[in-house]
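Provided below for reference: sequence and predicted model.
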Amino acid sequence: MSAVIRAEGLVKTYGRDLRAIAGVSLSVAPGEFVAVLGPSGAGKTTLFRCLTGLTRPDAGAVLMHGRDLCRLDGRALRTARREIALIFQQFNLIRRLTALQNVLAGRLAVVPTWRVLSRQFPAADRALASRCLERVGMLERAEARADQLSGGQQQRVAIARALAQEAAVILADEPVASLDPDSAATVLQTLRSIAGSGVAVIASLHQVHLAMAYADRIVALRDGRVLQDAPVAEIDARAIEQIYGSRGEAA
């Protein structure tokens, strides 16, 4: 199956000599769940910023549907970004708005500005937002304010918001880092289910056991380079040792 998003030889250097990523390549197919592993400073955040077009690499390409995001700007880049939904470690919900209103934020790129400012979304968008909440098991909390929800519930609302964007790719940057084990498992199972419906999911994780349990493939970074890119079944204890060395971050 052809890739929905592909990075080719990405290089990004900060200052004179801090090379965050050095020739990173990867591709993700529709319906695939890829976990990006690596110790702190491995280049995961820079890779994600390049994949979304938030950071322009010094060299290389990020291809979606044959277009190189690294060569786009202005309206063309904003249009291309609609295909990529972001999920953050700290949820990034508007705390005083309800779960449903937060999910409707995923429609901001496709509805007129006046509807956004007045919160008068079309019935079709409200129905879509409700379906997205139902899909992540949060429909019964649709009218609850975000600040009344637990961390795990907030992250599921953030996933519903990404679904409402109807993107082809979901990038989840440390989506379970601040969650308890049960909530983390629920969130990753939700992402696993979304990938099963045909969306490409890329999640950066620190917890190796979670990556092994939920991902199809692991891409391991170390010192800005791809050290491993293999199906989960081919990742063993020796491979994990190579990824993390003696830094002890694989727990």
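Right, received. Where do you want to start? These numbers were taken from a predicted model, which means no experiment stands behind them. Numbering: from 1, shown residues only.

Tell me which residues touch Ala237, please.
Taking Cβ atoms under 8 Å, 6 or more residues apart in numbering, we find Ala237 in contact with no residue. Every residue, glycine included, has its C-beta placed from N, CA and C.

Now do it against Val208, distance only.
Noted for Ala237: a distance of 10 Å to Val208, by Cβ to Cβ, to the nearest Å.

Contact partners for Leu26?
Leu26 touches Arg6, Ala7, Val34, Val219, Val226, Asp229, counting by Cβ under 8 Å, 6+ apart.

Could I get those residues in a markdown table, plus columns for neighbour count, secondary structure and distance to Glu140?
As requested, the contacts of Leu26 are exported to a markdown table (neighbours: other Cβ atoms under 10 Å; DSSP: H, G, I helix; E, B strand; the rest coil; distance: Cβ to Cβ, whole Å):
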| residue | neighbour count | secondary structure | distance to Glu140 |
| --- | --- | --- | --- |
| Arg6 | 18 | strand | 39 |
| Ala7 | 24 | strand | 39 |
| Val34 | 22 | strand | 31 |
| Val219 | 26 | strand | 36 |
| Val226 | 20 | strand | 42 |
| Asp229 | 16 | strand | 40 |
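
will you turn the residues you listed into JSON lines that also has pLDDT and distance to Arg95?
JSON lines is the format used below for the contacts of Leu26 (pLDDT from 0 to 100; distance: Cβ to Cβ, whole Å):
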{"residue": "Arg6", "pLDDT": "95", "distance to Arg95": "37"}
{"residue": "Ala7", "pLDDT": "95", "distance to Arg95": "34"}
{"residue": "Val34", "pLDDT": "97", "distance to Arg95": "31"}
{"residue": "Val219", "pLDDT": "95", "distance to Arg95": "33"}
{"residue": "Val226", "pLDDT": "94", "distance to Arg95": "38"}
{"residue": "Asp229", "pLDDT": "94", "distance to Arg95": "38"}
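
quick one: which of those residues is nearest to Arg19?
Closest to Arg19 out of the contacts of Leu26 is Val226 (13.8 Å), distances taken as Cβ to Cβ.

Looks like that closest one contacts Gln242 (just checking).
No. Under the criterion of Cβ atoms under 8 Å, Val226 lies out of contact with Gln242, with a separation of 12.0 Å.

for the contacts of Leu26, which one is nearest Ala160?
Of all the contacts of Leu26, the one sitting nearest Ala160 is Val34; the distance, using Cβ to Cβ, is 21.3 Å.

Spatially central residue for this protein, please.
Of all residues in the chain, the one closest to the mean position by Cα atoms, centre = their mean is Leu171, 1.5 Å from it.

Can you pull the poorly scored residue ranges out of the stretch 1-150 of the chain?
By pLDDT under 70, the weakly predicted segments of the stretch 1-150 of the chain are 1, 112-118.

again, 80 this time
Under the criterion pLDDT under 80, the flagged ranges of the stretch 1-150 of the chain are 1, 16-17, 109-120.

With distance to Asp180 as added columns, please give the contacts of Leu26 in JSON lines.
Listed next are those as JSON lines, based on distance: Cβ to Cβ, whole Å:
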{"residue": "Arg6", "distance to Asp180": "35"}
{"residue": "Ala7", "distance to Asp180": "33"}
{"residue": "Val34", "distance to Asp180": "24"}
{"residue": "Val219", "distance to Asp180": "26"}
{"residue": "Val226", "distance to Asp180": "31"}
{"residue": "Asp229", "distance to Asp180": "30"}
